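> 3D model of this:
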Amino acid sequence: MVRTYRPLDGVLLFDKPLELSSNTALQKVRRLFQAEKAGHTGTLDPLATGLLPICFGEATKFSMALLDADKTYRALLRLGQTTTTGDAEGEITAEYPVEVMQADVDAVLVKFRGEIQQLPPMHSALKHQGKPLYEYIRKGETIERELRDVVIHELLLNSFSGNEMDITVRCSKGTYIRTLAEDIGAALGCGAHLIGLRRTAIAHFDLGNSYTLQQLTEMSEAERDARILPLESLMPDMPKLQLDAVQVQRLAQGQRLGLDTGLPDGKISLHGPQGFIGVGLLQGRRLAPERLLSDVAKLAASNPPPGLD
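Here you go, the predicted model:
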């Protein structure tokens, strides 16, 4: 049977299951929705679960905001063991006795709150000369990496018992939770690696509003489509500006507009007579189009101003 794909625009909050890669999860969701175009924001490792926003159609144009956004994770650490990868996928490289008290944990976690530096792991998709680091380590090669500045906005201890520690982390983009687990273990003097990871939030999107593959499969097409969030959901805090049909048409032609908006300089969510049309960049009185919907010219044409055919 030939599968027919359809145009869809918007965002689905997907709860990625264990042992599926982010790309495999994306393709399963795309086929389920029969969407012509789809992409995900923020890769999750196969052993990680949780929030994976799926962007359909035009939403892929505006997904950069999520890639740069803060993320929140629930992480489970195994103390007393280090591994080759920093998580449960790797081989155990060393074992140490765990002689750690609650006070020790509290004292160590304080050191990892705020601005810290991390050394990116070799088992990562970070690229060197066009190739991801994990390709080098598979060949037994280690590449020199530079420390990276990241921010741990929140680091909360949910529970600590024996050799397991459960933490919640809200962090800036580029933070490696595996590396954080290893560094916490090193600071405690007993080593540690990550044995469980679940992403619970990206920016304003929360896991509580997401759907599993099973839930989506059991829905009708209409029920599934109703779970797709509008494009504007990607930028809820961005100032909005309403434009008329003439202004929309000029922006569609790549022109800049001179406007007294009263809005601060920066990115602006643009709306025409028929709704959201894209994002502009405001500098003083000058508004320039930054990223517009593909059919924005059609939107302008559907509401032609007087004298324009």
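> partner residues bridging the closest residue in space to K71 that isn't next to it in sequence?
When the adjacent residues along the chain are set aside, K71 lies closest to I202, with 5.2 Å between them (Cβ to Cβ, 6 or more residues apart in numbering). Every C-beta, even on glycine, is put in place using the N, C-alpha and C of the backbone. Residues in a beta bridge with I202, per DSSP bridges, are K71, F205.
> Equivalent analysis for F160, please.
On DSSP bridges, the residues paired with F160 through beta bridges are M165.
> picking that back up, contacting residues for the residue nearest to K71?
Remark: with contacts taken as Cβ atoms under 8 Å, 6 or more residues apart in numbering, I202 is in contact with 41-42, 51, 53, 66, 69-72.
> Where does the prediction get shaky in the stretch 201-309 of the chain?
Within the stretch 201-309 of the chain, the stretches falling below the threshold (pLDDT under 70) are 297-309.
> Do you have the strands of it handy? List them.
Assigned strands in the stretch 201-309 of the chain, in chain order: 205-206, 240-242, 257-258, 266-272, 275-283, 286-292 (criterion: DSSP state E, counting those that start in this stretch).
> Mind putting those strands into CSV with distance to R30 and mean neighbour count?
What follows is these, written out as CSV (distance: least, Cβ to Cβ, whole Å; neighbours: other Cβ atoms under 10 Å):
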stretch, distance to R30, mean neighbour count
strand 205-206, 19, 18
strand 240-242, 30, 13
strand 257-258, 37, 14
strand 266-272, 26, 19
strand 275-283, 23, 19
strand 286-292, 22, 17
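> Looking at these, which is nearest to P120?
strand 205-206 (25.3 Å; Cβ to Cβ).
> can you list contacts of that closest one?
With Cβ under 8 Å, 6+ apart, strand 205-206 has contacts from 13, 51, 53, 66, 200, 233.
> Just those residues: which are in strands?
Among the contacts of strand 205-206, the subset assigned to strands under DSSP state E consists of 13, 51, 53, 200.
> pLDDT at the last one, what is it?
To tie it back to what came earlier, the one meant is T200. On the pLDDT scale, T200 is placed at 98.
> Likewise for the second one?
Each residue has a pLDDT score; the one for L51 is 97.
> picking that back up, from E115, how far out is the residue nearest to K71?
With distances taken as Cβ to Cβ, to the nearest Å, I202 is found 21 Å from E115.
> picking that back up, with distance to I177 and neighbour count added, can I get the contacts of I202 in TSV?
Putting those into TSV (distance: Cβ to Cβ, whole Å; neighbours: other Cβ atoms under 10 Å) gives the following:
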residue	distance to I177	neighbour count
T41	17	24
G42	12	18
L51	14	25
P53	18	22
L66	17	22
A69	16	17
D70	13	16
K71	9	23
T72	11	20
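> Just want the most central residue of this protein.
Geometric centre of the chain, nearest residue: G42, 3.4 Å, by Cα atoms, centre = their mean.
> what sits against G57?
Taking Cβ under 8 Å, 6+ apart as the contact definition, G57 lies against 7-10, 35-38.
> excluding its backbone neighbours, what's nearest it?
What sits nearest to G57 in space, not counting adjacent residues and going by Cβ to Cβ, 6+ apart, is D9, at 3.9 Å.
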